[in-house]
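K.L.:
Provided below are the primary sequence and the corresponding predicted coordinates.
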Amino acid sequence: MNIAFDMSSFIWRGLLAGKDEEGEKVFFEDKEVLVNSAAYGYENVLGMMLSAMEDVGAVPIDAVLVFEGYNSKAKRLLIADHYKANRDSRPPQAYVEFEKLKGMLSDTFLGLGASSMTNDYCEGDDTLAYLAQEAEEPITVASYDGDMAVL
């Protein structure tokens, strides 16, 4: 393994980039919003991931996909009950497409030999920091998350 992906950041970036001609228009918080489809996001994320792998000379078998664990914010919410409270909210349909896209990407990359890692009660950036610290060889962390202070 020589590249680890912060999958939540890649998936949201891929879903929120541009406008899907076949997306679903829904009413959320008193306005009409477009929810891009998982298929649309798939093309975006696939391109971003392949580009990152090419930059470091990696192939799928060199990659680990890091996903948020179950109840990933729980530990930080014990410290600060307002943790991530000011984040933009998204319509429920966006989370449905996120989960579909997560499955599609997992199927593709695991089928090509990549690994995945998920730790319950642990955010993806904490898992990425663990991998960076404990890896036997240098590892590139790929993320669109602006707050990677733990690294």
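P.N.:
That came in fine, so what should we check first? Just so it is clear, the model here is predicted, and its values are computed rather than measured.
K.L.:
and the next element down the chain from the lowest-mean-pLDDT helix or strand in the chain?
P.N.:
Ranked by mean pLDDT, DSSP states H and E, the weakest helix or strand in the chain is helix 74-79, scoring a mean of 56. Downstream of helix 74-79, the next assigned helix or strand under DSSP states H and E is helix 92-111.
K.L.:
okay, the closest residue to P138 other than its chain neighbours: pLDDT?
P.N.:
Closest residue to P138 apart from its sequence neighbours, by C-beta to C-beta, 6 or more residues apart in numbering: N2 at 7.0 Å. From N, CA and C alone the C-beta is placed, and that goes for glycine too. pLDDT, N2: 88.
K.L.:
what does L112 give?
P.N.:
96.
K.L.:
same check on T118?
P.N.:
Looking at T118, its pLDDT stands at 86.
K.L.:
which residues touch the residue of the chain most remote from its centre?
P.N.:
Each residue of the chain has a distance to the centre, and by C-alpha atoms, centre = their mean the biggest one is for D30: 27.7 Å. Listed by C-beta atoms under 8 Å, 6 or more residues apart in numbering, D30 has no contact partners.
K.L.:
going forward can the numbers begin at 668, since that is how I track them
P.N.:
With the count now opening at 668, the last piece we talked about shows up as D697.
K.L.:
look up how far A761 lies from it.
P.N.:
16 Å (C-beta to C-beta, to the nearest Å).
K.L.:
just G681 next, same as before
P.N.:
In terms of C-beta to C-beta, G681 sits 12 Å off from A761.
K.L.:
when the two are compared, which one has more neighbours?
P.N.:
G681 (25 against 19; other C-beta atoms under 10 Å).
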